[in-house]
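K.L.:
requesting a structural model of the entry that follows:
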Amino acid sequence: MTAPRTARIVRILAAGIAVLFGVVTLFAGGRVLLGSDPGYEVFRPLLVYNTAMGVAYLAAGIAIWRSVNAGRYAAGVIFLLNLLVLVGIVVIYGSGGGVAVDSLRAMTFGPVVVGPVHRRIVARPVTRGNLTVGCADAPLRGPPFNRNGWPHT
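P.N.:
I've put the predicted structure just below:
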């Protein structure tokens with residue numbers, strides 16, 4: 001299998017997983033917001049956040065499908081937002097707030113699992129000729145190449 005074909009397959013899989021995760025998140029969160037009892041304590045601000053993030057996952061899936069660069073940025077923003085919310089609910093949980101341990105486990109999934117996937121699949125380096133750009137360790141900036149495929153100067 002050639003490198004461009006493999007990259008295309010990986011991009012399609014990443015987009016599909018993001019869209020599927022968004023649909024499942026919207027369905028699960030929407031059910032509880034509409035009154036279904038999940039059988040455990042619900043921290044409503046976290047529920048609203050997670051349901052709204054379902055839309056973000058759908059948007060990220062579409063972004064990944066259309067452009068690796070747009071997908072990289074969308075996945076990075078989602079990762080950072082989930083990490084910030086995780087830190088917030090750890091603080092609330094530690095102070096005796098109404099956050100269930102199940103919520104902590106679920107929110108840990110994003111930064112611990114999705115973060116490395118983002119780093120290795122979506123943000124992997126892109127090579128054009130002898131120039132490698134787009135590495136996950138590089139600072140975030142606009143697309144590294146103009147529409148003709150040449151590096152920006």
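
K.L.:
just how off-centre is stretch 76-84 within its chain?
P.N.:
7 Å (Cα atoms, centre = their mean, to the nearest Å).

K.L.:
ranges for the helices of the protein?
P.N.:
All helices of the chain, identified by DSSP state H, fall at 3-33, 44-66, 68-94, 101-109, 115-117.

K.L.:
export the ones you listed to a markdown table and tack on mean pLDDT and mean neighbour count?
P.N.:
(Each C-beta comes from the backbone N, C-alpha and C, glycine too.) A markdown table is the format used below for the helices of the chain (pLDDT from 0 to 100; neighbours: other Cβ atoms under 10 Å):
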| stretch | mean pLDDT | mean neighbour count |
| --- | --- | --- |
| helix 3-33 | 85 | 15 |
| helix 44-66 | 91 | 18 |
| helix 68-94 | 87 | 17 |
| helix 101-109 | 82 | 14 |
| helix 115-117 | 65 | 15 |
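
K.L.:
how about the contacts made by residue 25?
P.N.:
Residues near residue 25 by Cβ atoms under 8 Å, 6 or more residues apart in numbering: 50, 51, 53, 54, 57.

K.L.:
measure it to residue 68 for me?
P.N.:
23 Å (Cβ to Cβ, to the nearest Å).

K.L.:
for residue 39, same thing?
P.N.:
Residue 39 sits 40 Å away from residue 68, going by Cβ to Cβ.
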